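Engineer: Sequence first, then the predicted structure, then my questions.
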Amino acid sequence: MNIYVCIKQVPDTETKIKLKPDFTWIDTSGIKWVMSPFDEYAVEEALRVKEKNAGSTVIVVSAGPTRVIECIRTALAMGADSGIHIEIPETADNNMTAKALANAMAKKETASVDLVFTGKEAIDDGSAQVSQLLAGFLGLPYVSVVLNVEYGAQSVKCKREIEGGAYEIVETALPAIIATQKGINEPRYATLPNIMKAKKKEIKTYKTSDLGISEGDQKIKFKNFELPPPKQAGKKVSGDPAAQAKELARLLHEEAKVI
Amino acid sequence: MTWQTFVFIPLASLVFGYSFYRFFILYKLMLAHQNIGPSLDQIKARIWTAVTNVLGQKAVLRKKSAGAMHAIIFWGFIIISLGTLEQFVTTIYQTANFEFIGDKAYLVLVFLQDIFTFGVLLAVLYAAYRRYILRPEALGKSKDATIILSFIALLMVAILFTNGFTILAHTPWFQGAMPVALYTSVLLSNLGLSPEMNMDFSVFFKWAHMLIVLGFAVYIPRSKHLHIVAAAPNTFLRTLGRSKPMQSINFENEKITQYGAAKISDLSWKDALDYYSCTECGRCQEVCPAWNTGKPLSPKLLILDLKENLYRNKEKILAKKYAEVSPVIDANVTEDVIWACTTCRACEIACPVFIEQTNKIYDIRRNLVLMESKFPTEVQTVFKNMETNATPWAFSSQDRAKWAEGLNIKTMAEDSNVDFLLWVGCAGSYDERNKKVVRAFVSLLKKAEIKFAILGCEEKCTGDSARRIGNEYLFQTLAKENIEILNKYKVKKIVTTCPHCFNTLKNEYKVFGGNYEVIHHSEYIVELIRSGKIKPSKSIEETITFHDSCYLGRWNNIYEAPRAVLSAIPSARLIEMQSSHDESMCCGAGGGRMWMEEKIGKRVNIARTEQALKTGAGIVASSCPFCMTMLSDGVKAKEMAEKVKVLDIAELLDRSS
């Protein structure tokens, strides 16, 4: 079984995001890069499937500048077998990224797709679109926000989180794309022998031109970036319950402008 | 020559031959271990420590009554063994006694033997009283001990009877030098036996004595009495001095495929010698913060369980079939046992035969972390934080110098021409409570007009917690990065408020090329007071009890400096807890325990806080950020935060000056 895992390298959760002086992108100097935590669950899930199915291979795919190779190595150290790095500008949008990932997987020289894992979203832009677009490009069924998977021979039964604290069980045929949610597993910490081995594992690199990607695949143009306003101190609403409710509604309407 | 010659020679040859064979196997088993042991250096100091601690019984005598009991048995054993040797020789060749050393010397020898025979008998009676009537918990039950005590008692009785009957049989010329034997002979004379019968009984008890000695020779290699052979070399080979860096792993060496100890044979020959040396006295267990708060770890049981594992795998290890050796983690040495250790080192310091428990725990942890990725789940976040942000706390490395905002402190990058580098540490940089401690120390430095600098965002966690938990790889990554920065600025002198940083920078970085003069702030403040740069003038009308940090005290032997700081405060009254200095109880945060949940037994910090509160002191003083956190939490949990303050020595002195 060939299991693909799509991962994204993102700024560490503790990073204080700064903007470029011209506001065209974030200032990436001094950023500590890590694998997006939801993608760690995806890698872990892939490795668990591999461990239960002898002869399986886990291939990690990541699109981005050269630095993302570091992130691929992290996944290889966890136990993935090989990696594919797609050289793409960090300003690439969801569409371009998804298409690049799909085309890399569909390439003749790469292994056929039996199962794909991704995180439910990346923690940097939080768009949660790449894996869905990927499913579209590959023409595969897609289940997101997955908390548990029962693996069958031809199909998978996924427990996914939906609004209102409820769960939904979705069964789909394989191959399929599964996007993992926190709680599906506890990602492993790479052992040292595996970290050493990872240094020698194969990482294939594709350029956008190898994958038939052109500028036209960029559907979003980023114009201007700004930081969210600094957090303000909380406000305490006082008075009797009726007055409190009235004041709260007013604040939500006039100040927060959410209702 | 008599029949005795012909019975004794083959019997003794057989017994000693067998005994020697058993010792040889133990020796071979020891050498079949795979990790490298300590190397032999400082021979003079080693001889001296062996003389004082083996012959002089210094470490044994730290416990007064039990120590005196052991010392008498030990010295008696040496003196009486000379007599036993004479007994053996004269049994083979009757006239070959030791009288050739001269009449006077022989009289002294005989006298000492006689006195010690009686002394040992009394000591054994005390040992039995202690073991069976007083029954200290740490001693536990031991069949070995019962057998050994009975053997020794029988030996002494046999000697007295041999000598008593000999005196009755032919009044030897030296009998005046044997007061106890003489008195025994007076008692025995009541039996009214003929001289021939007395002679026969003398021979009978001589043989009884010799046979028990031969029995000992067979029994020793398989019992806890093995320590009479192993403890002396173990003392000779001990870690000299207090500072002890952990053994480093060379990750460049591709031949190494096993990191840490998965199996007993992955430990070193010195570890085996440690188990051989264990006397099961339980002094380690008595002082263990884990054991005393209901954790499954007892340093004594750990050593005995490892010994049992070694013996269980003996055949495979001797045959070098290492792959078949069973794992070191088993039903006795569980993962909970290994993670319970705070590496406070109280066990090692208490051990009269210098067993080093922490080395084994470190090696077993290394295997769990580096090879098997098995550790308490909460630790993974800590490792990740250290990897990405160089601090165990979940904060950005870009925020490391935020504590210093508005204080006008230069970084080394701005000005490296300073008296010393202030190493802030992660606690001082990120933990709200401990930031105040560093700020107080900075305030003192400013009052004393000292020129210093910090590394700011270039500082990284020293890696202490990672190393003690077993993540040597992460530790070395951080250590090398820190050393590169420190050496870039040609740092010579470092002062720090954290004993963990202190110990790591001082003792653990040398092997990676980091050589610095490292000073803990307690020592530095003492100097500021002595030189008159800081004048504690404001009174603090309070009773203060000082809690010793393990990595300052036991690991680096600094006990007086923090106390000297507190003593310099006018009106402050210092009071000691029931356990302090070398016997001080850990706060519970060492060895990476700071980052682990404590699910088993009573919380260590609560137990220690209770000891502090028992003194009635209004201030609990600490000199370590981890102790600060643990004791503050403890005082809060005991709902005493209103009445009792936990303060760092720097904060107290800052208030006083």
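Structural biologist: That came through fine.

Engineer: okay, CA-based contacts and neighbour counts for the rest of this
Structural biologist: OK.

Engineer: Any stretches of chain B with poor pLDDT?
Structural biologist: For chain B, no stretch is flagged by pLDDT under 70.

Engineer: what's the residue closest to the geometric middle of it?
Structural biologist: B:Glu348 (0.8 Å; CA atoms, centre = their mean).

Engineer: Figure out the helix or strand that that one lives in.
Structural biologist: Assigned by DSSP states H and E, B:Glu348 belongs to helix B:346-350.

Engineer: packing partners for that helix?
Structural biologist: For helix B:346-350, the elements it packs on are helix B:283-287, helix B:357-366, judged by 3 or more CA pairs under 8 Å, 6 or more residues apart in numbering or on different chains; DSSP states H and E.

Engineer: Just the CA trace of the first one, in CSV.
Structural biologist: What follows is helix B:283-287 as a C-alpha-only set of coordinates in CSV (Å, rounded to 0.1, in the frame of the first residue of the first chain):
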residue,chain,number,x,y,z
ARG,B,283,21.0,4.1,53.8
CYS,B,284,20.1,5.1,50.3
GLN,B,285,16.5,4.2,50.7
GLU,B,286,16.1,6.1,53.9
VAL,B,287,17.0,9.4,52.2
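
Engineer: how far does it sit from the chain's center?
Structural biologist: 10 Å (CA atoms, centre = their mean, to the nearest Å).

Engineer: what inclination does the helix or strand that that helix is followed by have with respect to helix B:357-366?
Structural biologist: Sequence-wise, the next helix or strand downstream of helix B:283-287 (DSSP H and E) is helix B:299-312. Orientation of helix B:299-312 against helix B:357-366 (axes from the mean of the first three to the mean of the last three CA atoms, to 10 degrees) gives an angle of 60 degrees.

Engineer: With adjacent residues omitted, what lies nearest to the residue nearest to the centre of chain B?
Structural biologist: B:Glu356 (5.4 Å; CA to CA, 6 or more residues apart in numbering or on different chains).

Engineer: tell me the contacts of that neighbour?
Structural biologist: B:271, B:274, B:348 (CA atoms under 8 Å, 6 or more residues apart in numbering or on different chains).

Engineer: same check, this time on A:Asp114
Structural biologist: A:1-4, A:174-176.

Engineer: what pLDDT does it get?
Structural biologist: pLDDT for A:Asp114: 96.

Engineer: and residue 154, how many residues sit next to it?
Structural biologist: Answering for chain A, as no chain was given. Counted with other CA atoms under 10 Å in any protein chain shown, the neighbours of A:Gln154 add up to 9.

Engineer: should've been chain B
Structural biologist: The number of residues packed near B:Leu154 is 16, by other CA under 10 Å.

Engineer: roughly how far apart are it and B:Trp207?
Structural biologist: The gap separating B:Leu154 from B:Trp207 is 12 Å, by CA to CA, to the nearest Å.

Engineer: and what of B:Glu86?
Structural biologist: 13 Å.

Engineer: same question, B:Glu308
Structural biologist: Distance from B:Glu308 to B:Trp207, by CA to CA: 35 Å.

Engineer: In terms of neighbours, single out the busier of those two.
Structural biologist: Neighbour tally, B:Glu308 and B:Trp207, criterion other CA under 10 Å: the higher count belongs to B:Trp207, 19 against 15.

Engineer: Tell me the buried residues in stretch B:303-317?
Structural biologist: For stretch B:303-317, a neighbour-count test (16 or more other CA atoms under 10 Å in any protein chain shown) marks B:303-307, B:309-311, B:313-314, B:316-317 as buried.

Engineer: from the chain's centre, how far out does it sit?
Structural biologist: Its chain's C-alpha centre and that of stretch B:303-317 lie 22 Å apart, by CA atoms, centre = their mean.

Engineer: next one: stretch B:404-422
Structural biologist: That offset, for stretch B:404-422, works out to 39 Å (CA atoms, centre = their mean).

Engineer: end to end, how far does it reach?
Structural biologist: End residues of stretch B:404-422 are separated by 12 Å (CA to CA).

Engineer: what about the strands in the stretch 401-550 of chain B?
Structural biologist: Using DSSP state E, counting those that start in this stretch, the strands of the stretch 401-550 of chain B run over B:420-423, B:452-453, B:493-496, B:517-520, B:543-546.

Engineer: For A:Lys120, which of these is the nearest?
Structural biologist: Within these, the stretch nearest A:Lys120 is strand B:420-423; the backing value is 41.6 Å (CA to CA).

Engineer: Please report the distance of the spatially closest residue to B:Ala466 that is not a sequence neighbour from B:Ile249.
Structural biologist: Excluding the flanking residues, the one nearest B:Ala466 by CA to CA, 6+ apart is B:Phe475, at 5.6 Å. Computed as CA to CA, the B:Phe475 to B:Ile249 distance reads 11 Å.

Engineer: export the strands of the stretch 401-550 of chain B to JSON lines and tack on distance to chain A and mean neighbour count?
Structural biologist: Formatted as JSON lines, these follow (distance: least, CA to the nearest CA, whole Å; neighbours: other CA atoms under 10 Å in any protein chain shown):
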{"stretch": "strand B:420-423", "distance to chain A": "22", "mean neighbour count": "24"}
{"stretch": "strand B:452-453", "distance to chain A": "22", "mean neighbour count": "22"}
{"stretch": "strand B:493-496", "distance to chain A": "26", "mean neighbour count": "21"}
{"stretch": "strand B:517-520", "distance to chain A": "30", "mean neighbour count": "20"}
{"stretch": "strand B:543-546", "distance to chain A": "36", "mean neighbour count": "23"}
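
Engineer: A:Tyr189: which element?
Structural biologist: Counting by DSSP H and E, A:Tyr189 is part of no helix or strand.

Engineer: For it, grab the count of nearby residues.
Structural biologist: 21.

Engineer: Let me see the contact set for the most far-flung residue of chain B relative to its centre.
Structural biologist: No residue in chain B has its C-alpha farther from the mean C-alpha position than B:Ser194, which lies at 57.3 Å (CA atoms, centre = their mean). With contacts defined as CA under 8 Å, 6+ apart, B:Ser194 has no neighbours.

Engineer: one step back: list the contacts of the residue nearest to the centre of chain B.
Structural biologist: Here B:Glu348 is in contact with B:284, B:354-358 (CA under 8 Å, 6+ apart).

Engineer: ditto for A:Val116
Structural biologist: A:3-6, A:175-178.

Engineer: Cross-check the contact I'm expecting between A:Val149 and A:Glu168.
Structural biologist: No. The criterion here is CA atoms under 8 Å, and A:Val149 misses it with A:Glu168 at 11.9 Å.

Engineer: ok, the two, which is more surrounded?
Structural biologist: Shown here are A:Val149 and A:Glu168; by other CA under 10 Å, A:Val149 has more neighbours (18 against 12).

Engineer: what about whichever residue of the stretch 401-550 of chain B sits closest to chain A, neighbour count?
Structural biologist: Residue nearest to chain A within the stretch 401-550 of chain B: B:Tyr473 (7.7 Å; CA to the nearest CA). Using other CA under 10 Å, B:Tyr473 is surrounded by 21 other residues.

Engineer: which residues in the stretch 1-150 of chain A form helices?
Structural biologist: A:37-52, A:68-78, A:94-106, A:130-138 (DSSP state H, counting those that start in this stretch).

Engineer: Of all those, which one is nearest chain B?
Structural biologist: Among the helices of the stretch 1-150 of chain A, helix A:68-78 sits nearest to chain B (CA to the nearest CA), with 10.3 Å.

Engineer: Not counting that closest one itself, show me its contacts.
Structural biologist: With CA under 8 Å, 6+ apart, helix A:68-78 has contacts from A:7-9, A:34-35, A:40, A:43-44, A:60-62, A:82-85, A:188-191, A:194-199, A:201.
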